[in-house]
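Asks: could you look at this predicted model? Sequence included:
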Amino acid sequence: MKKLIILLAISLFTSSLYSQENDAITTIILIRHAEKQSDGTNDPNLTPKGEERAQKLKTKFEPTGITAIYSSSFKRTINTVLPLSEAIKVKITVYDPSEAHFIDKIYQQNIGKTVLISGHSNTTTKAVNQLLGKEKYKDIAHHEYGRIFIVTITSNNRNVLEIQY
């Protein structure tokens with residue numbers, strides 16, 4: 001049921017923005033990685049709860065028509081989207097979140113498509129804000145997981161829908 005609600009929300013949200021017949025709708029779904037282990041390293045794996053969340057992400061987004069998946073190079077971000085990547089047979093493309101305009105490059109390469117980006121507590125909302133062209137969101141709290149930002153872009157609109165998973 002939740003999968004259907006997410007699919008319906010994306011569909012209704014994007015169709016309400018579709019104002020011109022030739023206007024491409026680009027949907028960029030941004031998430032923070034799932035729960036990570038505290039192993040004292042800079043690149044920990046997911047916890048069992050994080051692995052469970054990654055499976056939920058796969059279940060929710062498998063039917064949405066995602067054509068590209070991006071992740072930073074860390075195990076926690078890659079492993080969050082790996083089940084979805086394998087299910088829909090879309091390769092994970094690694095990006096560098098420290099690059100100033102990484103989100104603009106991803107957008108330009110995917111106009112008219114639906115993509116998912118796995119990031120971090122301090123990069124996900126920054127990317128959403130860049131896509132919107134305004135400072136709407138602050139960094140995600142370190143203990144907070146499960147927020148999804150669905151940014152829909154047309155030639156004359158940029159909107160965001162926030163949901164939980």
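Replies: Alright, I've got the coordinates.
Asks: pick out the residue closest to the middle of the protein.
Replies: Leu30 (2.2 Å; CA atoms, centre = their mean).
Asks: tell me the strands in this protein, going along the chain?
Replies: Assigned by DSSP state E, the strands in the chain fall at 26-32, 68-71, 92-94, 114-119, 147-153, 158-164.
Asks: number of residues surrounding the residue nearest to Ser155 when sequence neighbours are not counted?
Replies: The shortest distance from Ser155 to any non-neighbouring residue, by CB to CB, 6 or more residues apart in numbering, is to Asp23 (5.2 Å). C-beta: built from backbone N, CA, C; applies to glycine. Here the number of neighbours of Asp23 (other CB atoms under 10 Å) works out to 13.
Asks: for the residue nearest to the centre of the chain, give me its contacts.
Replies: Neighbour list for Leu30: 116-117, 119, 124, 127-128, 148-151 [criterion: CB atoms under 8 Å, 6 or more residues apart in numbering].
Asks: ok, the nearest residue to Leu84 once chain neighbours are set aside - contacts?
Replies: Leaving aside its sequence neighbours, Leu84 sits nearest to Lys58 (CB to CB, 6+ apart; 4.3 Å). Lys58 sits next to 83-84, 87 when contact means CB under 8 Å, 6+ apart.
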